[in-house]
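Q: sequence? don't have it. structure:
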């Protein structure tokens, strides 16, 4: 039942006296399987439904947890028991190691095989030849390793993001890839984001710059039709994966499509200290619409021909994990595991219900969002970015119940949309003349009095990227509604991603010759006490208390560890490749 052709649908018609053959029973199974797989493909898509997490058990072993997935033909893949195995026991390992790859992908695909071997009792020729067949077919799976990433077009379709984003590789070599991503659809007069992702798998430090010409679009930060892109990897913690974002706006007078192109004569690329001569010829387009972006995406999907949705071909495997490995001589070590690197997930009803319930309990305020019902607080927001300063502005309508002086009313939790970290909130109160008063309202006593007299304050939740407005009555009131205008301001340099205490070692990978030394650096984040203790595993050289590592006399791959003196559970390690 490995067939992929599901049309046309035919099923058995039964009647008394009908003789049933093998073909009839196979048709019965094929009909039921194809109908179910059609629903899987059209309603759910392909990818991980639940589970299937990959964890590194030790330096050479991974474990795939139980889980369920759908492949691109709608076939179900189930791992009913966890699988723990060394990489060398997985198909494709020898090819990957022979290529000296430092990144290997663990893939999953549908596989079925015969079970319960039996003799045919009606085929005399088969009996004479001792031919055996199988009484059952067992559906299963196949794991394999590969160094090949999916082709760009296929990679775009693997993720649900393909409906909203249009990525394009503008330049790459064997180690470096630069990808520009635009939204597939943009609403005229509204802002969106152009992102540039830089992936560096080599040991050279990359820096580059180029100009992007915008047609039908302008930069949201300065209103110009040219964006200057600058990137220098030496200014970042070396992770090998970086992203730059640029806010852009589709001008209201634009045509039906806008474009983004790289100015070829503006491109400069440098790898470590070596200047490289390259030419980038890249142009991308984005469809502009007067409609809401969500409505336009939905309309675009439903107008798509069925042949495009159910395009036949070899099924794409599910990329379960991206394995970062270090190999030297005849051994290898797993450095890190990244699960589902191409976001091949299938959303299920439980997940969607949870998200809807969460949104119902907490009003989300994003760019140009405005929602509310009669008798409830109402909030709305508008965003802009000025250089490195992000500003969000919004409106919150608070219903004040009748009460006495000193009573306090709180707004729902408002997400300001800037991100996690510290922001400044400025509050203004609209008076009866629809004018906005910032600060102490008593200063403007000669103006017409407000119906409700309150003092305002905002409490910021840095961990959640939100705030709550509090309104305290300064006089007794019969109740009513007040309108508060809020502005959230943040310097992007001061925005932080809330994280646990952690340490990491620079560089994250080191290659040396025997008996040489190298000064390692340990960086501590969110930690008051930054003293660490160094150690080396398996007699792999020596490291002193300041992080000076000396390689041993024997080539190999050795692990150097740095542990927090205050909390030994907080630690980091790197692998050092020592060669002759």
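A: Ah, there it is. Source: prediction; values computed, not measured.
Q: pop the domain breakdown of the protein in here.
A: For the chain, automatic domain parsing gives the domain ranges 45-150+319-339, 159-299, 363-494, 502-579.
Q: I'd like the ones you listed laid out as CSV, including mean neighbour count and distance to residue 12.
A: In this view, the C-beta of every residue, glycine as well, is placed from N, C-alpha and C. Output for the domains of the chain, formatted as CSV (neighbours: other Cβ atoms under 10 Å; distance: least, Cβ to Cβ, whole Å):
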stretch, mean neighbour count, distance to residue 12
domain 45-150+319-339, 16, 19
domain 159-299, 16, 37
domain 363-494, 16, 52
domain 502-579, 16, 60
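Q: just send those domains back as TSV, with mean pLDDT too.
A: Formatted as TSV, the domains of the chain follow (pLDDT from 0 to 100):
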stretch	mean pLDDT
domain 45-150+319-339	84
domain 159-299	82
domain 363-494	71
domain 502-579	86
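Q: could I get these as JSON lines with distance to residue 35?
A: Converted to JSON lines, the domains of the chain look like this (distance: least, Cβ to Cβ, whole Å):
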{"stretch": "domain 45-150+319-339", "distance to residue 35": "10"}
{"stretch": "domain 159-299", "distance to residue 35": "24"}
{"stretch": "domain 363-494", "distance to residue 35": "39"}
{"stretch": "domain 502-579", "distance to residue 35": "50"}
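Q: nearest to residue 14, of those domains?
A: Residue 14 lies closest to domain 45-150+319-339 among the domains of the chain, at 22.4 Å (Cβ to Cβ).
Q: so which strand or helix has residue 576?
A: strand 571-579 (DSSP states H and E).
Q: who does that strand pair up with?
A: Take DSSP bridges as the rule and strand 571-579 pairs in its sheet with strand 509-513 (parallel), strand 556-564 (antiparallel).
Q: name the residues that touch the helix or strand following the shortest one?
A: I take that to be strand 509-513. Going down the chain from strand 509-513, the next helix or strand is strand 517-519, by DSSP H and E. For strand 517-519, contacts defined as Cβ atoms under 8 Å, 6 or more residues apart in numbering pick out 510, 512, 546, 547, 548, 549, 550, 551.
Q: which of these fall within strands?
A: Using DSSP state E, the subset of these located in strands is 510, 512, 548, 549, 550.
Q: correct me, but the first one touches residue 579?
A: No: with contact defined as Cβ atoms under 8 Å, residue 510 and residue 579 do not form a contacting pair (11.4 Å).
Q: redo the strands paired with strand 571-579 as a markdown table? Include distance to residue 477.
A: What follows is the strands paired with strand 571-579, written out as a markdown table (distance: least, Cβ to Cβ, whole Å):
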| stretch | distance to residue 477 |
| --- | --- |
| strand 509-513 | 66 |
| strand 556-564 | 55 |
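Q: closest one to residue 63 among the ones you listed?
A: For these, proximity to residue 63 was assessed by Cβ to Cβ; strand 556-564 is nearest, at 19.9 Å.
Q: list the helices and strands the one helix or strand residue 297 maps to packs on?
A: Secondary structure assignment for residue 297, by DSSP H and E: helix 293-302. For helix 293-302, the packing partners by 3 or more Cβ pairs under 8 Å, 6 or more residues apart in numbering; DSSP states H and E come out as strand 185-187.
Q: run me through the strand neighbours of the strand it packs on, direction for each.
A: Strand 185-187 sits in its sheet next to strand 283-289 (parallel), going by DSSP bridges.
Q: got the angle between the strand it pairs with and helix 293-302?
A: Here strand 283-289 runs at an angle of 110 degrees relative to helix 293-302 (axes from the mean of the first three to the mean of the last three Cα atoms, to 10 degrees).
Q: neighbouring contacts of strand 283-289?
A: Here strand 283-289 makes contact (Cβ under 8 Å, 6+ apart) with 166, 168, 180, 182-188, 216-217, 250, 254-262, 296.
Q: the residue nearest to residue 272 when sequence neighbours are not counted and residue 233, how far apart?
A: Spatial nearest neighbour of residue 272, chain neighbours left out: residue 204 (4.6 Å); criterion: Cβ to Cβ, 6 or more residues apart in numbering. The spacing between residue 204 and residue 233, counted by Cβ to Cβ, to the nearest Å, is 9 Å.
Q: and for residue 10?
A: Taking Cβ to Cβ, one finds residue 10 at 59 Å from residue 233.
Q: before I go, just wanted to say thanks for your time.
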